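Colleague: what shape does this take:
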Amino acid sequence: SLDADSGAYVFVVRAGKVAKAPVVTGLSSDTWQAISKGLRTGDEVVSGPYQTLHALTAGEAVQIEKPKPAATRPKDSNSVTISAS
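Modeller: Numbering: from 1, shown residues only. Okay, the predicted model is just below:
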(Lines give C-alpha, C1' and ligand atoms only; values in the text may rest on other atoms or scores of the structure.)
Protein backbone atom coordinates (compact mmCIF):
# COMPACT_ATOMS: atom_id res chain seq x y z
CA SER A 1 0.00 0.00 0.00
CA LEU A 2 1.23 3.48 -0.77
CA ASP A 3 -0.10 4.93 2.46
CA ALA A 4 -0.46 2.00 4.87
CA ASP A 5 -0.97 4.27 7.91
CA SER A 6 -4.03 6.05 6.51
CA GLY A 7 -5.48 3.28 4.35
CA ALA A 8 -6.50 5.98 1.86
CA TYR A 9 -7.86 4.78 -1.46
CA VAL A 10 -10.11 5.85 -4.31
CA PHE A 11 -12.23 3.80 -6.67
CA VAL A 12 -11.27 3.88 -10.34
CA VAL A 13 -12.90 2.28 -13.38
CA ARG A 14 -10.68 -0.13 -15.29
CA ALA A 15 -12.07 -2.29 -18.11
CA GLY A 16 -15.66 -1.57 -17.02
CA LYS A 17 -15.11 -2.66 -13.41
CA VAL A 18 -14.45 -0.85 -10.16
CA ALA A 19 -10.92 -1.17 -8.78
CA LYS A 20 -9.58 0.07 -5.45
CA ALA A 21 -6.51 2.28 -5.96
CA PRO A 22 -4.41 2.97 -2.81
CA VAL A 23 -3.36 6.63 -2.76
CA VAL A 24 -1.33 9.14 -0.78
CA THR A 25 -3.38 12.23 0.05
CA GLY A 26 -2.17 15.81 0.19
CA LEU A 27 -3.82 19.13 0.98
CA SER A 28 -7.58 19.31 1.34
CA SER A 29 -10.40 21.82 1.64
CA ASP A 30 -14.05 21.46 2.61
CA THR A 31 -14.85 19.98 -0.80
CA TRP A 32 -11.59 18.79 -2.41
CA GLN A 33 -8.83 16.34 -1.49
CA ALA A 34 -5.50 16.38 -3.31
CA ILE A 35 -4.06 13.01 -4.33
CA SER A 36 -0.25 13.15 -4.51
CA LYS A 37 0.50 9.52 -5.45
CA GLY A 38 -1.26 6.38 -6.57
CA LEU A 39 -3.17 7.37 -9.70
CA ARG A 40 -2.14 6.75 -13.29
CA THR A 41 -2.52 9.24 -16.10
CA GLY A 42 -5.97 8.71 -17.58
CA ASP A 43 -7.46 6.93 -14.53
CA GLU A 44 -11.20 7.52 -14.27
CA VAL A 45 -11.91 8.23 -10.60
CA VAL A 46 -15.37 7.39 -9.30
CA SER A 47 -17.13 10.15 -7.37
CA GLY A 48 -20.55 10.36 -5.82
CA PRO A 49 -22.50 10.44 -2.58
CA TYR A 50 -21.14 8.49 0.39
CA GLN A 51 -23.93 5.87 0.31
CA THR A 52 -23.17 5.04 -3.33
CA LEU A 53 -19.41 4.84 -2.83
CA HIS A 54 -19.75 2.87 0.42
CA ALA A 55 -21.82 0.23 -1.40
CA LEU A 56 -19.23 -0.31 -4.17
CA THR A 57 -17.00 -3.37 -4.14
CA ALA A 58 -13.83 -4.00 -6.11
CA GLY A 59 -14.58 -5.97 -9.26
CA GLU A 60 -18.17 -4.74 -9.54
CA ALA A 61 -19.21 -4.02 -13.14
CA VAL A 62 -20.22 -0.41 -13.79
CA GLN A 63 -21.20 1.83 -16.67
CA ILE A 64 -19.90 5.36 -17.10
CA GLU A 65 -22.68 7.92 -17.54
CA LYS A 66 -22.32 10.78 -20.01
CA PRO A 67 -20.50 13.74 -18.40
CA LYS A 68 -22.24 17.00 -17.60
CA PRO A 69 -21.60 19.90 -19.97
CA ALA A 70 -18.20 21.50 -19.28
CA ALA A 71 -19.83 24.68 -17.95
CA THR A 72 -21.36 22.81 -14.99
CA ARG A 73 -18.34 20.86 -13.72
CA PRO A 74 -15.04 22.02 -12.21
CA LYS A 75 -12.30 22.64 -14.78
CA ASP A 76 -9.85 20.38 -12.92
CA SER A 77 -12.30 17.49 -12.60
CA ASN A 78 -11.23 14.14 -14.08
CA SER A 79 -13.83 12.17 -12.15
CA VAL A 80 -16.63 10.18 -13.74
CA THR A 81 -20.15 9.24 -12.70
CA ILE A 82 -21.01 5.55 -12.80
CA SER A 83 -24.05 3.35 -12.41
CA ALA A 84 -23.89 -0.25 -11.23
CA SER A 85 -24.63 -2.77 -13.97
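
Colleague: any low-confidence regions in this structure?
Modeller: 1-6, 67-68, 70-85 (pLDDT under 70).

Colleague: try 80
Modeller: The model of the chain has pLDDT under 80 over residues 1-6, 65-85.

Colleague: which parts of it are helices?
Modeller: Assigned by DSSP state H, the helices in the chain fall at 50-55.

Colleague: strands of that one, residue ranges please.
Modeller: Along the chain, counting by DSSP state E, strands occupy 9-14, 17-22, 24-28, 33-37, 44-46, 62-64, 79-80, 82-84.

Colleague: let me see the contact set for Trp32.
Modeller: If you count contacts by C-beta atoms under 8 Å, 6 or more residues apart in numbering, Trp32 has none. Heads up, the C-betas are built off the backbone N, CA and C, glycines and all.

Colleague: how near is it to Val10?
Modeller: In this view, Trp32 and Val10 are 13 Å apart by C-beta to C-beta, to the nearest Å.

Colleague: now swap in Val45 and tell me
Modeller: From Val45 to Val10 the distance is 5 Å (C-beta to C-beta).

Colleague: mind listing the shared neighbours of these two?
Modeller: Common neighbours of Val45 and Val10 (C-beta under 8 Å, 6+ apart) are Leu39.

Colleague: make CSV from the strands of the chain and add distance to Leu53 to it.
Modeller: Converted to CSV, the strands of the chain look like this (distance: least, C-beta to C-beta, whole Å):
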stretch, distance to Leu53
strand 9-14, 7
strand 17-22, 10
strand 24-28, 16
strand 33-37, 13
strand 44-46, 7
strand 62-64, 12
strand 79-80, 11
strand 82-84, 10
